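Enquirer: Quick one: sequence plus predicted model below, questions after.
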Amino acid sequence: MPGCCAPRDYGRFFGARTAARHARRYRKRGLTGSARALADLAGDVRGESVLEVGGGVGAIELELLAAGAESATNVEITDGYEEAADELLAERGLQQRAERRVGDFVVEADSLEPHDVVVMHRVVCCYPDADALVGAGAAHARRRLLLTYPQERALVRGGVHVVNLVLRLIGSDFRVFVHPVERIDAAAKRQGLSLDARQRHGLLWESAAFARAT
């Protein structure tokens, strides 16, 4: 993937400790905030397939499976979440309905079948090439593409600039991105999707749902 961070750079921040913390929080509180809102934007998923890119421990997938989705696939760029995710699936008896892969979704996209619903929760901001990532997700969405990304605001851009400066100082190649919303929308629309809903969550996050005409 041209220009992308190596998996080890992601692993420094999204490893087993982070996964264990996220799993504990999900067990205690369930889905909250923008994750809950994004799952709601999926609509009626009964009998459908779900593909999540960068789903972490798989909390959104678990909720959609509980809501009637037939199957779920998660593609995660680092293997740090796998143990915690497997434990959550086992606790709910959902191992046979879920598949997890480790790899770069843009690179692996051709090996994946289209799914009814594609989910990218707080993933676009971690990937340098929004056109490639959103485009690949949109191409794999039979019915709906769901995204959460940073709001395109001066305050958010300033905060991200500070974060990236700190990352550079500590020697990490990982970066955070505030991609233009217009560019995100265009990548989805080039694959035949149209904007169906957009929501803001506080001062930082924004979600969008794109739908394919039936």
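Expert: Ah, there it is.

Enquirer: most remote residue from this structure's center?
Expert: L169 (27.1 Å; CA atoms, centre = their mean).

Enquirer: List the contacts of that one.
Expert: When the contact criterion is CB atoms under 8 Å, 6 or more residues apart in numbering, L169 has no partners at all. The way it works is simple: take the backbone N, C-alpha and C, and place the C-beta from them, glycine included.

Enquirer: in what helix or strand does L145 lie?
Expert: strand 141-150 (DSSP states H and E).

Enquirer: tell me the mean pLDDT over that strand?
Expert: Here strand 141-150 scores 98 as its mean pLDDT.

Enquirer: ditto for stretch 52-68
Expert: The model assigns stretch 52-68 a mean pLDDT of 96.

Enquirer: hmm, back to that, given the strand holding L145, what are its sheet partners and their directions?
Expert: Strand 141-150 pairs in its sheet with strand 115-121 (parallel), strand 205-212 (antiparallel), by DSSP bridges.

Enquirer: Kindly export the first one (C-alpha atoms) in PDB.
Expert: Output for strand 115-121, consisting of C-alpha atoms alone and laid out as PDB, is shown next (Å, rounded to 0.1, in the frame of the first residue of the first chain):
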ATOM      1  CA  HIS A 115     -21.100  -7.900   1.600                       C
ATOM      2  CA  ASP A 116     -24.400  -6.300   2.200                       C
ATOM      3  CA  VAL A 117     -23.100  -3.800   4.800                       C
ATOM      4  CA  VAL A 118     -19.600  -2.400   5.000                       C
ATOM      5  CA  VAL A 119     -18.500  -0.600   8.200                       C
ATOM      6  CA  MET A 120     -15.500   1.600   8.900                       C
ATOM      7  CA  HIS A 121     -15.700   3.100  12.400                       C
END
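
Enquirer: if we can go back for a sec, hey, what's the angle from the very next helix or strand once past the strand holding L145 to strand 141-150? Just curious.
Expert: Once strand 141-150 ends, the next helix or strand along the chain (criterion: DSSP H and E) is helix 154-169. Per axes from the mean of the first three to the mean of the last three CA atoms, to 10 degrees, the angle that helix 154-169 makes with strand 141-150 is 80 degrees.

Enquirer: what's the spacing between helix 154-169 and its chain's center?
Expert: 21 Å (CA atoms, centre = their mean, to the nearest Å).

Enquirer: Could I get the buried residue list for it?
Expert: For helix 154-169, burial by neighbour count (16 or more other CB atoms under 10 Å) applies to 156, 159-160, 167.

Enquirer: Next, the buried residues of the next helix or strand after that helix.
Expert: Note on helix 154-169: by DSSP H and E, the next helix or strand toward the C-terminus is helix 181-189. For helix 181-189, burial by neighbour count (16+ other CB under 10 Å) applies to 181, 184-185, 187-188.

Enquirer: same check, this time on stretch 190-199
Expert: 191, 193.

Enquirer: quick one: average confidence on it?
Expert: On average, stretch 190-199 scores 97.

Enquirer: for stretch 78-96, same thing?
Expert: The predicted model assigns stretch 78-96 a mean pLDDT of 95.

Enquirer: ok, and what's touching that stretch?
Expert: Residues outside stretch 78-96 that contact it (CB under 8 Å, 6+ apart) are 7, 10-11, 14-16, 18-20, 22-23, 26-27, 55-59, 62, 65-66, 74, 76, 98, 100, 102.
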